[in-house]
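Visitor: sequence-free structure coming up:
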C-alpha cells in the first residue's frame with residue numbers, strides 16, 4: 001500500500017495513510033479530527049462558520065487529543081452583499097412554512113459568518129497557532145496571506161472544481177489541490193458562482209488535473225471506501241478526502257435526525273440546492289430544497305445570508321420534532337455510510353485500500 005515513503009504528499013503532510021477526513025463545518029469535531037490523525041490519516045476541522053476565538057478553541061482542544069498533524073479549513077467566498085428587498089421577499093416566501101410550526105420569520109437576515117478573505121482576526125490567529133495544514137474552499141485569500149502562512153511553515157491546500165481553478169491554485173503557490181467532483185456532499189467549491197460550472201465528476205477531474213498540473217492531487221467526492229480510494233489513486237490522486245463517510249461516526253456533531261436520515265433504508269436521494277444557504281450544496285433531499293425548486297420561488301439572498309433564514313426555519317420545525325428543513329449534507333454515495341468510530345473507520349479504509357490494490361495486482 002502507498003505510504004509516506006513512496007508518496008511525497010503524505011511525507012509533506014506528515015501522515016502515514018492517504019486518507020483525509022473532510023473538514024465538515026458544523027459536523028467535524030476536535031474528537032473526530034484527533035481520532036483520524038491518531039489513526040494515521042489527516043483529521044480536519046471546518047472553522048469557516050465560526051470566528052477566530054471559536055476556531056482557536058477548536059485547535060487547542062484538538063491538540064490536547066493528538067500530537068499529529070491536522071487540517072484547518074476556511075471559506076474564501078466573496079463577502080455577502082446585503083439586499084433588503086431580496087431578503088424580505090425570501091422571508092415572505094417562507095412565511096407559510098414558518099406558520100406550519102407556529103413561528104414567524106425573523107424581521108431581518110444577517111451575514112452569519114465572515115469570509116476568511118476579510119477576516120483579519122482569523123488570519124492573525126492562524127499565524128499564531130500555526131496548524132500543520134490549512135485548506136481553502138470557495139477560492140483563495142490574497143497572495144500576501146498565502147505567502148505569510150507558507151513562511152510560518154504551514155502546508156496549504158485548496159479546492160478546485162475545474163482545470164482553470166486548479167491552474168489558479170498552482171499559480172498562487174499552493175502545495176496541493178483538492179479535486180472536488182460533483183458527487184461530493186456539502187458546498188460546491190466553485191470560485192465564481194456566476195460562471196458556468198461544467199459539473200465534472202471526481203474521476204474525470206482527478207485525471208485532468210493530474211495530467212495537466214504538477215501539484216499533488218487529493219480526490220474528493222463520492223468516495224466512501226478503500227476501493228474508491230484505490231480507484232482515485234489509480235487515476236493520479238495521491239490521497240483521498242472523505243466527508244460523508246465520517247458523518248455517522250460517534251465523534252460527529254451530527255444530530256440524531258441527520259444520522260437516521262443518512263442511514264435510512266431504502267436510502268434517501270441527494271440533490272443540489274442553493275435554498276438552504278445561498279450557494280449550491282449537495283445534501284439529503286428535504287422540504288427546504290423543494291421550496292427552492294419551485295418555479296415561482298423568490299430570489300435568494302447572498303450566501304450566507306440565506307443560511308440565516310434556513311437555520312431559523314429549521315429551528316422552528318425542530319422544536320416541533322421535525323427535521324425537514326435541516327442542512328443534512330451528503331454525497332452521492334451516502335448509502336455506503338457506516339456508523340463506526342472515526343479511528344476505527346480509518347483502519348477499515350486502510351485495509352480495504354490494501355485489499356483493492358492487491359486485487360488490482362492480481
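Guide: Perfect, thanks for sending it. What you see is a predicted model, and the numbers here were worked out from it, not measured in a lab. Numbers count the residues shown, from 1 in each chain.
Visitor: In the protein, spot the helix with the most residues.
Guide: Among the segments of the chain that qualify as a helix by DSSP state H, the longest is helix 342-361.
Visitor: Who are the packing partners of it?
Guide: The contact analysis (3 or more CB pairs under 8 Å, 6 or more residues apart in numbering; DSSP states H and E) places helix 342-361 against strand 19-21, helix 30-38, helix 226-234, helix 244-247. All C-beta atoms are positioned from the backbone trio N, CA, C, and that covers glycine.
Visitor: can I get the ones you listed in a markdown table with mean neighbour count, distance to residue 323 and mean pLDDT?
Guide: As requested, these are exported to a markdown table (neighbours: other CB atoms under 10 Å; distance: least, CB to CB, whole Å; pLDDT from 0 to 100):
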| stretch | mean neighbour count | distance to residue 323 | mean pLDDT |
| --- | --- | --- | --- |
| strand 19-21 | 28 | 24 | 98 |
| helix 30-38 | 25 | 21 | 98 |
| helix 226-234 | 22 | 28 | 97 |
| helix 244-247 | 29 | 14 | 98 |
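Visitor: of all those, which lies closest to residue 193?
Guide: helix 244-247 (22.7 Å; CB to CB).
Visitor: what does the strand or helix carrying residue 62 rub up against?
Guide: Secondary structure assigned from DSSP states H and E places residue 62 in helix 52-63. Residues from elsewhere that reach helix 52-63 (CB atoms under 8 Å, 6 or more residues apart in numbering): 30, 33-34, 43, 45, 47, 50, 70, 72, 119, 121-122, 124-126, 129, 131.
Visitor: Check these for burial and list the buried ones.
Guide: Neighbour-count burial (16 or more other CB atoms under 10 Å) applied to these gives 30, 33-34, 43, 45, 47, 50, 70, 72, 119, 122, 125-126, 129, 131.
Visitor: Looking at those, which are in strands?
Guide: 43, 45, 70, 72 (DSSP state E).
Visitor: close enough to count as contact, the first one and residue 33?
Guide: Translated: residue 43. Yes. The pair residue 43 and residue 33 qualifies as a contact (CB atoms under 8 Å) at a distance of 3.1 Å.
Visitor: what residues do the two have in common as contacts?
Guide: 21, 62, 66, 70-71.
Visitor: would TSV of these with distance to residue 15 be doable?
Guide: Output for the shared contacts of residue 43 and residue 33, formatted as TSV (distance: CB to CB, whole Å):
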residue	distance to residue 15
21	11
62	15
66	12
70	10
71	10
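Visitor: coming back round to it: any idea how far the longest helix of the chain is from the middle of the chain?
Guide: The chain centroid and the centroid of helix 342-361 are separated by 23 Å under CA atoms, centre = their mean, to the nearest Å.
Visitor: So for it, what gets flagged as buried?
Guide: 342-343, 345-347, 349-350, 352-353, 356-357.
Visitor: Can you report how many residues neighbour residue 319?
Guide: By other CB atoms under 10 Å, 11 other residues sit near residue 319.
Visitor: what's the answer for residue 99, then?
Guide: If you count neighbours by other CB under 10 Å, residue 99 ends up with 12.
Visitor: Going by neighbour count, which residues of the one helix or strand it maps to are buried?
Guide: Using DSSP H and E, residue 99 sits within helix 84-100. For helix 84-100, a neighbour-count test (16+ other CB under 10 Å) marks 86-91, 93-94, 97-98 as buried.
Visitor: CSV for those, including distance to residue 154 and pLDDT?
Guide: Listed next are the buried residues of helix 84-100 as CSV, based on distance: CB to CB, whole Å; pLDDT from 0 to 100:
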residue, distance to residue 154, pLDDT
86, 38, 98
87, 37, 98
88, 42, 98
89, 42, 98
90, 38, 98
91, 41, 98
93, 43, 98
94, 41, 98
97, 44, 98
98, 44, 98
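Visitor: between these, which is nearest residue 234?
Guide: Using CB to CB, residue 90 is the member of the buried residues of helix 84-100 that lies nearest residue 234, at 44.9 Å.
Visitor: Am I right that that closest one is in contact with residue 298?
Guide: Yes. The criterion here is CB under 8 Å, and residue 90 meets it with residue 298 at 4.9 Å.
Visitor: Can you tell me which helix or strand of this protein has the lowest average pLDDT?
Guide: Using mean pLDDT, DSSP states H and E, the weakest-scoring helix or strand in the chain turns out to be helix 342-361, at a mean of 94.
Visitor: got the angle between it and helix 30-38?
Guide: 40 degrees (axes from the mean of the first three to the mean of the last three CA atoms, to 10 degrees).
Visitor: Okay, domains of this structure per the record?
Guide: Listed domain ranges for the chain are 1-79+114-254+336-362, 81-111+256-327 (source: automatic domain parsing).
Visitor: roughly how far is the first one from the heart of the chain?
Guide: Distance of domain 1-79+114-254+336-362 from its chain centroid, counting by CA atoms, centre = their mean, is 8 Å.
Visitor: Point out where the stretch 151-300 of the chain drops to low pLDDT.
Guide: Regions of the stretch 151-300 of the chain meeting the criterion pLDDT under 70 are absent.
Visitor: wait, what's in contact with residue 119?
Guide: Contacts for residue 119 (CB under 8 Å, 6+ apart) come out as 51-52, 74.
Visitor: Using TSV, lay out those together with pLDDT.
Guide: Supplementary listing: these in TSV, determined by pLDDT from 0 to 100:
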residue	pLDDT
51	98
52	98
74	98
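Visitor: Now do the buried residues in stretch 321-335.
Guide: For stretch 321-335, by 16+ other CB under 10 Å, it's 322-335.
Visitor: One more: stretch 306-315?
Guide: Using 16+ other CB under 10 Å as the test for burial, stretch 306-315 gives 306-314.
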